[in-house]
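Chemist: need a structure here:
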Amino acid sequence: MQITRAILFAGILGCSLYAMPAEAFRCGNRIVSEGDDISHVYYICGEPSATQHWTEVRVRPVYRYTNYRAVHLPVEIQVEEWTYNLGSRRFMRRLRFENGRLVRIRELRYGY
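Modeler: Prediction:
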């Protein structure tokens, strides 16, 4: 009975350690993840090694309730990509922000 409890506890503990968001980035002893605000990420992680800024135009459906038809309208989205170079022993990270929200974290090659 004790062995079963110990195995169950170890399994639960292992799952909880693995439960960190799939797309998360550790800055020091804190974690940023998708959905975080751009100012929060800057506060936690500091100045990125490189930045890029541009505007994308996407078509979004807007539904009208009078006739239940979608009207497709162009919407401008402000995009920023920040790259963090973490040194030659760690992978670089590229963070993509859309309208000030973190939407994707990509792992790149080793830094320099």
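Chemist: now for the residue minimising distance to the centre of the chain: which residues touch it?
Modeler: With the centre of the chain defined as its mean C-alpha position, the nearest residue by C-alpha atoms, centre = their mean is E34, 2.9 Å away. Counting by C-beta atoms under 8 Å, 6 or more residues apart in numbering, E34 makes contact with P21, E23, A24, L102, V103, R104, I105. C-beta: built from backbone N, CA, C; applies to glycine.
Chemist: next, count neighbours for the fifth one.
Modeler: Using other C-beta atoms under 10 Å, V103 has 15 neighbouring residues.
Chemist: just to be sure, it is in a helix?
Modeler: No. When the secondary structure is assigned by DSSP: H, G, I helix; E, B strand; the rest coil, V103 falls in strand instead of a helix.
Chemist: for it, which non-adjacent residue is spatially closest?
Modeler: Using C-beta to C-beta, 6 or more residues apart in numbering and skipping the chain neighbours, the partner closest in space to V103 is R96 (5.5 Å).
Chemist: partners of the host helix or strand of that neighbour in the sheet?
Modeler: Mapping R96 onto the secondary structure by DSSP states H and E places it in strand 91-98. Within its sheet, strand 91-98 is paired with strand 69-84 (antiparallel), strand 101-110 (antiparallel), according to DSSP bridges.
Chemist: rank these by pLDDT, which is bottom?
Modeler: The stretch with the lowest average pLDDT out of the strands paired with strand 91-98 is strand 69-84, scoring a mean of 92.
Chemist: now the strand holding R96: mean pLDDT?
Modeler: 96.
Chemist: cool, stretch 33-51 as well?
Modeler: For stretch 33-51, the mean pLDDT works out to 96.
Chemist: can you show me the CA trace of it as PDB?
Modeler: Included here for stretch 33-51 are C-alpha records, laid out as PDB according to Å, rounded to 0.1, in the frame of the first residue of the first chain:
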ATOM      1  CA  SER A  33       4.500  32.800 -21.800                       C
ATOM      2  CA  GLU A  34       2.100  33.300 -24.600                       C
ATOM      3  CA  GLY A  35      -0.500  35.900 -23.800                       C
ATOM      4  CA  ASP A  36       1.800  38.100 -21.700                       C
ATOM      5  CA  ASP A  37       1.900  41.900 -22.400                       C
ATOM      6  CA  ILE A  38       4.900  43.300 -24.200                       C
ATOM      7  CA  SER A  39       5.700  45.600 -21.300                       C
ATOM      8  CA  HIS A  40       5.600  42.700 -18.800                       C
ATOM      9  CA  VAL A  41       8.100  40.700 -21.000                       C
ATOM     10  CA  TYR A  42      10.400  43.700 -21.200                       C
ATOM     11  CA  TYR A  43      10.300  44.100 -17.500                       C
ATOM     12  CA  ILE A  44      11.100  40.400 -16.900                       C
ATOM     13  CA  CYS A  45      13.600  39.700 -19.700                       C
ATOM     14  CA  GLY A  46      15.100  43.100 -20.300                       C
ATOM     15  CA  GLU A  47      16.400  44.500 -23.600                       C
ATOM     16  CA  PRO A  48      16.400  42.000 -26.500                       C
ATOM     17  CA  SER A  49      19.500  41.500 -28.700                       C
ATOM     18  CA  ALA A  50      17.600  42.400 -31.900                       C
ATOM     19  CA  THR A  51      14.100  43.700 -32.800                       C
END
